[in-house]
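S.K.: Have a look at this prediction, sequence included:
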Amino acid sequence: MNVYQCFTMRIMMHKMKITVGICIYLGSLSITWAQQHPFTIKGKIGKIDYPATIYLYRPEAEVKLDSAVMKNGRFEFRGIAAHGEFGTLMLNHHGSGHRRLPDYFGIYLHQGVIRISSNDSLMHATTKGSPLNADNKRLEDKLTPSRRRLDALFAKMEQTPAEERRTPGWAAMHRQARQEVAAEEQRILLDYIRQNPHSLIGLFALQRYAGSKPDLQQIEPLFASLSAEVRESKRGRDYAERLANIKATSAGNIAPAFTLNDTEGNLVSLVDFRGRYVLLDFWASWCVPCRQENPNLVKAYQTYKDRNFTILSVSVDRKDDRSAWLKAVEDDGLVWTNVWEQNPWDDQGTQRLYDVHSIPQNFLINPDGKIVAKNLRGIALATKLAELFD
């Protein structure tokens, strides 16, 4: 799964308000829950009939989309999946097409029959015969009050005049209210993790609790507290590998080596930059925050390029976006070395190697090849470089 798909799924999951783990596909299999097992989804949604069509979207499957026509409210899907693979059911009440459907339902797949029922829509559906989805429902029920508070906050924001929203007092108040809701959600997730060490949903709760930049001192003990079965699941082994990659790219460690093609198709290796300070920057042409940060990189480069400092930019643009990447390099004046990671989520993909789950993200590497700092943006980057060179 490329980074664009990853962000798309994150947005979709947020809108569906379901608990999910990190949006990443890793190819390694575990010895317990990694095996593929047959599953069946049997559903009854009121009396909805043809031409209504229901879709099952599985971002981690080889065939990502399946569909079925509703017959007197009934539908069925069959397939094989690893225990805990996530999917999304989407119902088009009027016919074909699955884009931007408002009626959807998140579901965890597993061996056996999962029964889904509702009187009117997928949004109000419940499951039977699925302990995994029942565990998720219990967590979602606990999170619902805080999410309603968050929805109310944003509804209030939309109703507030723009001039008032721009005042420092209003902005500070709104920010504090959001932080209080986020803190409450974190407390709920932490309690669930501690109380459900034997459930795979406990692992998903941990991944959400940790966020895109896990604090190893806090997260490693929590991960170790999960049952052996959960830790040895495919999801568990994937997350253990991710924590290991985070540790390997922490300050003080040698930056993992890689080789990629530059704008001319020439191979460029990180080791080629030994003897200089290099800012390893991950970005993409379609990433608005990345493009907004690029002027800061240009300024840093122009200031310190003659003082043993350079930049190595790694694009994670999709395979079909090479021209967009090259145009962004030229438009933004990125005159240093630029390379392209065409398969960021491969086993040895650079993005996975450096645990980059959001962009822009960067790593400052010293002349000996050691990481000395990470995630330096704006004034933080200028301050760190001034500390080193001035």
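M.R.: Now that the structure is in, tell me what you want to look at.

S.K.: buried sites along stretch 304-315?
M.R.: Neighbour-count burial for stretch 304-315 flags 304, 309, 311-315 (criterion: 16 or more other C-beta atoms under 10 Å). In short, each C-beta sits where N, CA and C put it, glycine included.

S.K.: Helices - which of these land there?
M.R.: When those are checked against helices using DSSP state H, the ones located there are residue 304.

S.K.: Is residue 367 in contact with residue 277, as I believe?
M.R.: Yes: the criterion here is C-beta atoms under 8 Å, and residue 367 meets it with residue 277 at 6.4 Å.

S.K.: shared neighbours of these two, anything?
M.R.: Contact criterion C-beta atoms under 8 Å, 6 or more residues apart in numbering; residues bridging residue 367 and residue 277 by contacting each: residue 308.

S.K.: May I have the phi/psi pair for residue 277?
M.R.: Geometry field for residue 277 lists phi and psi as phi -80, psi 130, criterion degrees, to the nearest 10.

S.K.: Any idea what it is bridged to?
M.R.: residue 309 (DSSP bridges).

S.K.: Please report how far it lies from residue 258.
M.R.: Computed as C-beta to C-beta, to the nearest Å, the residue 277 to residue 258 distance reads 18 Å.

S.K.: before we move on, what about residue 198?
M.R.: Using C-beta to C-beta, one obtains 38 Å as the distance from residue 198 to residue 258.

S.K.: domain ranges for this structure?
M.R.: According to automatic domain parsing, the chain comprises the domains 31-129, 137-248, 259-389.

S.K.: got the end-to-end distance for the second one?
M.R.: Here the two ends of domain 137-248 are set 36 Å apart, with distance taken as C-alpha to C-alpha, to the nearest Å.

S.K.: and that domain, what's its mean pLDDT?
M.R.: Averaged over domain 137-248, pLDDT sits at 93.

S.K.: Compare residue 367 and residue 277 (neighbour count), which wins?
M.R.: Per other C-beta atoms under 10 Å, whichever of residue 367 and residue 277 has more neighbours is residue 277, with 19 against 13.

S.K.: Go ahead and confirm that one touches residue 388.
M.R.: Yes: assessed by C-beta under 8 Å, residue 277 is found in contact with residue 388 at 6.8 Å.

S.K.: Strands along the stretch 201-350 of the chain, start to end?
M.R.: For the stretch 201-350 of the chain, the strands identified by DSSP state E, counting those that start in this stretch occupy 259-262, 267-269, 277-283, 309-315, 337-340, in order along the chain.

S.K.: for those, which one sits closest to residue 357?
M.R.: Set against residue 357 and scored by C-beta to C-beta, the strands of the stretch 201-350 of the chain come closest in strand 277-283, at 10.1 Å.

S.K.: now the angle between strand 309-315 and the closest one, please.
M.R.: Going by axes from the mean of the first three to the mean of the last three C-alpha atoms, to 10 degrees, strand 277-283 is angled at 20 degrees with respect to strand 309-315.

S.K.: would you turn the buried residues of stretch 304-315 into a markdown table with distance to residue 324 and pLDDT?
M.R.: Supplementary listing: these in a markdown table, determined by distance: C-beta to C-beta, whole Å; pLDDT from 0 to 100:
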| residue | distance to residue 324 | pLDDT |
| --- | --- | --- |
| 304 | 29 | 97 |
| 309 | 28 | 97 |
| 311 | 20 | 98 |
| 312 | 20 | 98 |
| 313 | 14 | 97 |
| 314 | 15 | 96 |
| 315 | 9 | 95 |
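
S.K.: for the buried residues of stretch 304-315, which one is nearest residue 52?
M.R.: Compare each of the buried residues of stretch 304-315 with residue 52 using C-beta to C-beta and the shortest gap goes to residue 315, at 42.0 Å.

S.K.: how much space is there between the closest one and residue 40?
M.R.: Counting by C-beta to C-beta, the gap between residue 315 and residue 40 amounts to 42 Å.

S.K.: now do residue 74
M.R.: In this structure, residue 74 lies at 13 Å from residue 40, with C-beta to C-beta as the measure.

S.K.: now do residue 102
M.R.: Counting by C-beta to C-beta, the gap from residue 102 to residue 40 is 26 Å.

S.K.: Which one of those two is surrounded by more residues?
M.R.: In this comparison of residue 102 against residue 40, neighbours counted by other C-beta under 10 Å, the higher total goes to residue 40 at 15 against 12.

S.K.: In a strand, that one, correct?
M.R.: Yes: secondary structure of residue 40 (DSSP: H, G, I helix; E, B strand; the rest coil): part of a strand.

S.K.: quick revisit: reformat the buried residues of stretch 304-315 as a markdown table; add distance to residue 241.
M.R.: Written out in a markdown table, the entries for the buried residues of stretch 304-315 read as follows (distance: C-beta to C-beta, whole Å):
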| residue | distance to residue 241 |
| --- | --- |
| 304 | 35 |
| 309 | 32 |
| 311 | 28 |
| 312 | 24 |
| 313 | 26 |
| 314 | 20 |
| 315 | 24 |
